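1. the following comprises the amino acid sequence and a computationally predicted model.
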Amino acid sequence: MTRICLDAGVLGIYFSANCTSKVTSLMDRIQARVDEAHVLKPVLCEAFVNICKINGKDHANQSITSFTRSFPLIQVELDESLVLFAGLLKCQHRDTLSYIDCMSIAYCINNKIEFHTTEKTLKRILPETSNKLKIIVYQFK
């Protein structure tokens, strides 16, 4: 079983009217428990905000609630080591990485988990982590 960490961008594609076949396949693998999906709770907040901006709060509430109840997810809380590592990443890359990305990247590196994201520039921004972080990039249609 492959352990993966989902970014809000991947969730945004999944909840969009134009979900890609690549993301549909990923979600099918998670549902079938082929992939073990980890998601940081702040990522769920970001996904909620993105859905809310486009479709309203009721749709965002229904989407996130349904997702967390129907998918076998490991929802991740922030602990001290994650806070410190994410903070260091944000300090080092304050102009290029969001707080959420720093949290997710720190979690993935600490736990040797693939990072599934829509951020196309991470490999360029984080060349020092290339041997520690496997990044799988998805694109919106």
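-> The structure has been received and is ready for your questions.

2. break down this structure into its strands, ranges please.
-> 2-6, 35-40, 73-76, 114-117, 135-137 (DSSP state E).

3. quick one: buried residues of the first one?
-> Residues of strand 2-6 classed as buried by neighbour count (16 or more other C-beta atoms under 10 Å): 4-6. Where you see a C-beta, it was placed from the backbone N, CA and C, and this is true even at glycine.

4. mind giving me the packing neighbours of it?
-> strand 35-40, helix 99-111, strand 114-117 (3 or more C-beta pairs under 8 Å, 6 or more residues apart in numbering; DSSP states H and E).

5. partner strands of the shortest one and their direction?
-> Paired strands of strand 114-117, with direction, are strand 2-6 (parallel), strand 135-137 (parallel) (DSSP bridges).

6. and the ones you listed as a markdown table, adding mean pLDDT?
-> Shown next, in a markdown table, are the strands paired with strand 114-117 (pLDDT from 0 to 100):
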| stretch | mean pLDDT |
| --- | --- |
| strand 2-6 | 97 |
| strand 135-137 | 91 |
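
7. who does the nearest residue to residue 108 once chain neighbours are set aside bridge with?
-> Spatial nearest neighbour of residue 108, excluding adjacent residues (C-beta to C-beta, 6 or more residues apart in numbering): residue 115 at 4.4 Å. When assigned by DSSP bridges, residue 115 has beta-bridge partners residue 5, residue 135.

8. no further questions, thank you.
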